[in-house]
Every structure is written in structure tokens, then in C-alpha cells.
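Asker: sequence unavailable; structure follows:
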């Protein structure tokens, strides 16, 4: 039992995430910084859990929210649509690209709600086209798709799942490429092992005997595995397998969407181009999801907001069939949240923040960030530095040659984060990247407005924090 005096010390009327630690009260944000009630300033290198992409305190966003609130704060979507919903949905479809032309957007209050929506949408699509046996949603180990029971059923995060497993409907979880700790003896930059991992999905779909409705994946892994970029050919093989079996492809871009990886959505890194630089269609070899889920950067944290972007064929199946999507939330398409999201989209486009997050673009903040993080490889306990755009992870090991992790009870990543906090640096510590229990890493996802000087200072502080924790 925890010490009662410790519990009382940190007790609050708010049911916080932990009874065993204190939380400073955040009172102001501007750019990449957050201030607490005691006047301490923190550089938000985690982007508030990879949420804030445009920076804190942008006045245009709060102004748009206030304007909408003054006009109309809320109506229920069973009775009305709103101009803000119609206009923003059209703009978001355009942002998602030509492969979603003719599709539609379903707005929610966040990532978990969006995942629930996508799972139901995939099931209803299969029913509408006469595939009533298809209900299983396949996913990957070491993934994370949200905290509701449906989202947990397709998540592979062991620590967040285990308590609730008696309440969860389980489907197959297949392996996923993790090149730093590749399960196969590959010598070709993981291209071959990527095909072996894709073959696992093919077998898992066949085992369902025609009951697989969809496969859900993170194009670049989020917090659970830590910014793992798939090897060449893997996602293309996955997309082709799903098309072959009539299984919908759901891209979970809750964390990676809205510019975070230097593309509007991360799947665009795997779009093929023709000789004129135009996107080729899916049959020519693009990784084009049938359903795309986004949140976090969608509103950059200014309001609770998520979205499910459905392709035309998914929408048409329901429109031409039963004519109604059997699903809903009271606050979906909330006008004030949509005003925030629309203003964020307009702001990030006007300020060219997607380009700022492109780590292949010379001189971009993302390129500076990538180069600065490479210096951490010299630290004795840093085993891997990986990522893309403005989504990166630093994995820690107790022994570099063997890649042996720290014991889980040592919570090494947590100690690094605590040392960084004392220096005014916010990072996102995680455990379990190896098997759900072992393996420590930090997730780093700063706002796209971060400057080279702020990057240099942050990496210096992070290096010192790693040495202190060691």
C-alpha cells in the first residue's frame, strides 16, 4: 500500500492520472513554452503529448472560437448541420488529398472517439455491401489506438490493456517492423523483414476465414513503440494484401497527421509518383487508406477534436444502402471545436508549418531537430535515435553492444524526464517498447515553430538529463 501521507499530500478534487506525484499548475502558453503558477518556464519538447503543432497561444485560434461561440455554441447533429461543419469538412477533405475526393468527414471530440467511429464504420461498410460475416478488426502488436474499450481491443500496448482484458473483445494482433530490434536476420535495411511482417498479416486474414473487416495501423508508430518508421516496401505490401482480401485499410493518424511528419498525413510518404510528379492511383502502388483517423494536431490542442475521413467508396456504400450511419456522440461536430480546427488548418497552411516539419527539407526546423538529436548517440545509454519530421524517439539501453534494456522497475525514462523537468524541459517518457514491459524511450514532438536556438538548448538539456539519470 502507498504511504497514506503521500496520498494526502497529492490529493485533489480532480481525479488525476496519479495519486503519487504532484502536478504543477499550468497557467499560460506561448510558442514552444508553458509557464506554471510559480512562474517556472518549460520548453514543450513533447508538444503536450504530440498534440500541439502550431505552438501555444496563437490569438487567431481563440478569436475564431470566441466568434463561433458568440454566434452559435451548439446544436445536435440529429437536428442540424452548421456552416462551420460543412466548410471545414470540405477544406479537410482537400487537405487529405485527391484520393479522398467525394468522401466525407465525421467529427468527434478526440482520438479514441475517432477510432471507435472508424471501427464501426468499417463494420457497417462490410454489412452494406453484403459481407455480413466480416466483423474482425486486425491490428499490430506494440500499437496504441486509444483508451476506450473498442480502441483497446485493437491496441497492442500491454501495460494499458492488461487490467481491462476481461472486458475487451480480442482479435488478432500481428507483428510490426522494429528495425533496431528486428526479429529476423535481415541484412538489407529491413526490406526483407518488412515483407515477412506483411506476410503475417496475410496469414492472419486467411485464418479469419472471411471474417476480417479491416486492418488498422499507425503509419509511423506513436508513443508505445516510439516513432518507428516502417522499412521500404512494408506498407505497400500491407495495402496490397488488404485490397486482395477485401479488407478495409484504416490509417490511425491521430498522432502523425496534420503535418507532424512533414506531410499533410504520414501515409503520403508512401505515395508513388508518376513521371510528371502526380500521385498515381492506389492500383499503381500507393498506400491509400479507406479510412483515415486524425485528432491531436487537428486542433493543436486548442479544443477537443478528432475526425474520421472516409473515402468515397465507404461513404457511397452507406448512402446507397441503409442511408444512415448507425453511430453518434452528443458532441460530435461541436461548432466551437470545429472553429478551432478550421482556424488551425488555415494557420498551419498560411505559415507553411507542414514544410517546417519536413526533415528532408534543407534548413527546416525538422532538419535542425534531426541533426541535433543525432548527437545523443554518443551518450553511453542511448541505443537508438529514430523518427521522421517532428516525431522522434530516443531509446535507452543498459548495454549498447547487446541492446540490453534497463530493468522495468528502474523506470529509467521516467528518471530522465524528471531530470529534464527540473531543467525546464518537457519530454514524453514511455516504457515497454520491447515487449510491453521492458524498454525505455522518450517521445519528442515539438511544435513546428521551434527555432534552431531552442533546439540546441533542448538537446543540451536532454543530454545533461540523460547523464544525471544514469
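Answerer: Structure received. Owing to the predicted nature of the structure, the values given are computational and were not obtained by experimental measurement.

Asker: quick one: contacts of stretch 111-124?
Answerer: Stretch 111-124 is touched from outside by 106, 108, 134-135, 137, 145-148, 150-151, 154, 213-214, 216, 248, 250, 252, 254-255, 290-291, 293-296, 306-308, 310, 314, 318, 322, 325-327, 329, 332, with contacts defined as CB atoms under 8 Å, 6 or more residues apart in numbering. Placement of C-beta: from N, CA and C, glycine included.

Asker: and for stretch 127-137?
Answerer: 119, 122-123, 126, 153-154, 171-172, 208, 210-216, 246-247, 250, 317-318, 320-322.

Asker: now, of the contacts of stretch 111-124, which are buried?
Answerer: 106, 108, 134-135, 137, 145-148, 150-151, 154, 213-214, 216, 248, 250, 252, 254-255, 290-291, 293-296, 306-308, 310, 314, 318, 325, 332 (16 or more other CB atoms under 10 Å).

Asker: filter the contacts of stretch 111-124 down to the ones in strands?
Answerer: 106, 108, 137, 213-214, 216, 248, 250, 252, 291, 293-294, 306-308, 310 (DSSP state E).

Asker: could you list the low-pLDDT ranges of the stretch 1-150 of the chain?
Answerer: 1-10 (pLDDT under 70).

Asker: which residues in it form strands?
Answerer: 26-30, 33-36, 41-44, 104-108, 136-140 (DSSP state E, counting those that start in this stretch).

Asker: and residue 373, which of these is closest to it?
Answerer: strand 41-44 (14.8 Å; CB to CB).

Asker: which strands and helices lie in contact with the closest one?
Answerer: Applying 3 or more CB pairs under 8 Å, 6 or more residues apart in numbering; DSSP states H and E, we find strand 41-44 packed against strand 33-36, strand 425-426, helix 452-469.

Asker: make JSON lines out of the ones you listed and add distance to residue 48 and mean neighbour count.
Answerer: Shown next, in JSON lines, are the helices and strands packed on strand 41-44 (distance: least, CB to CB, whole Å; neighbours: other CB atoms under 10 Å):
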{"stretch": "strand 33-36", "distance to residue 48": "8", "mean neighbour count": "18"}
{"stretch": "strand 425-426", "distance to residue 48": "8", "mean neighbour count": "22"}
{"stretch": "helix 452-469", "distance to residue 48": "15", "mean neighbour count": "18"}
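
Asker: tell me which of those lies nearest to residue 342.
Answerer: strand 33-36 (24.4 Å).

Asker: I'd say residue 417 and residue 429 touch.
Answerer: Yes - using CB atoms under 8 Å, residue 417 is in contact with residue 429, at 4.0 Å.

Asker: coming back round to it: just the closest of the ones in strands among the contacts of stretch 111-124 to residue 179, please.
Answerer: residue 252 (20.2 Å).

Asker: quick revisit: out of the ones in strands among the contacts of stretch 111-124, flag the one nearest to residue 19.
Answerer: residue 306 (28.6 Å).

Asker: quick one: residues in contact with stretch 31-48.
Answerer: Against stretch 31-48 from outside (CB under 8 Å, 6+ apart): 24-29, 52-53, 55-57, 301, 390, 421, 424-428, 443-447, 449-450, 454, 457-458, 461-462.

Asker: drop anything exposed from those residues.
Answerer: Counted by 16+ other CB under 10 Å, the contacts of stretch 31-48 give 29, 52-53, 55-56, 301, 390, 425-428, 443-447, 449-450, 454, 457-458, 461-462 as buried.

Asker: can you name the residues that contact the spatially closest residue to residue 89 that is not a sequence neighbour?
Answerer: The shortest distance from residue 89 to any residue other than its chain neighbours is 4.1 Å, reached at residue 105 (CB to CB, 6 or more residues apart in numbering). Going by CB under 8 Å, 6+ apart, residue 105 touches 88-89, 92-93, 307-310.

Asker: go with 10 Å
Answerer: By CB atoms under 10 Å, 6 or more residues apart in numbering, the residues touching residue 105 are 85-86, 88-93, 96, 292, 294, 307-310, 315, 333.

Asker: list buried residues within those.
Answerer: Buried, going by 16+ other CB under 10 Å: 85, 88-89, 91-93, 96, 292, 294, 307-310, 315, 333, out of the contacts of residue 105.

Asker: give me the residue at the spatial middle of this protein.
Answerer: residue 255 (2.0 Å; CA atoms, centre = their mean).

Asker: wait, that residue sits on residue 225?
Answerer: No - if you go by CB atoms under 10 Å, residue 255 and residue 225 don't touch, sitting 11.5 Å apart.

Asker: any shared contact partners between those two?
Answerer: Common neighbours of residue 255 and residue 225 (CB under 10 Å, 6+ apart) are 144, 218, 443.

Asker: show me what contacts the first one?
Answerer: Applying CB under 10 Å, 6+ apart to residue 144 gives the contacts 111, 115, 151-152, 154-157, 160-161, 218, 221-225, 252, 254-255, 430.

Asker: do that again at 8 Å, thanks
Answerer: Taking CB under 8 Å, 6+ apart as the definition, contacts of residue 144 comprise 155-157, 160, 218, 222-224.

Asker: for it, give me phi and psi.
Answerer: Here is the backbone geometry of residue 144 (degrees, to the nearest 10): phi -140, psi 130.

Asker: picking that back up, with distance to residue 412 added, can I get the helices and strands packed on strand 41-44 in JSON lines?
Answerer: Shown next, in JSON lines, are the helices and strands packed on strand 41-44 (distance: least, CB to CB, whole Å):
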{"stretch": "strand 33-36", "distance to residue 412": "25"}
{"stretch": "strand 425-426", "distance to residue 412": "17"}
{"stretch": "helix 452-469", "distance to residue 412": "6"}
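
Asker: ok, which of the ones you listed comes nearest residue 398?
Answerer: helix 452-469 (12.0 Å).

Asker: pLDDT on stretch 324-335, on average?
Answerer: When pLDDT is averaged over stretch 324-335, the result is 96.

Asker: kindly provide the distance from the closest residue to residue 104 other than its chain neighbours to residue 101.
Answerer: Closest residue to residue 104 apart from its sequence neighbours, by CB to CB, 6+ apart: residue 315 at 4.6 Å. Noted for residue 315: a distance of 11 Å to residue 101, by CB to CB, to the nearest Å.

Asker: thank you, goodbye.
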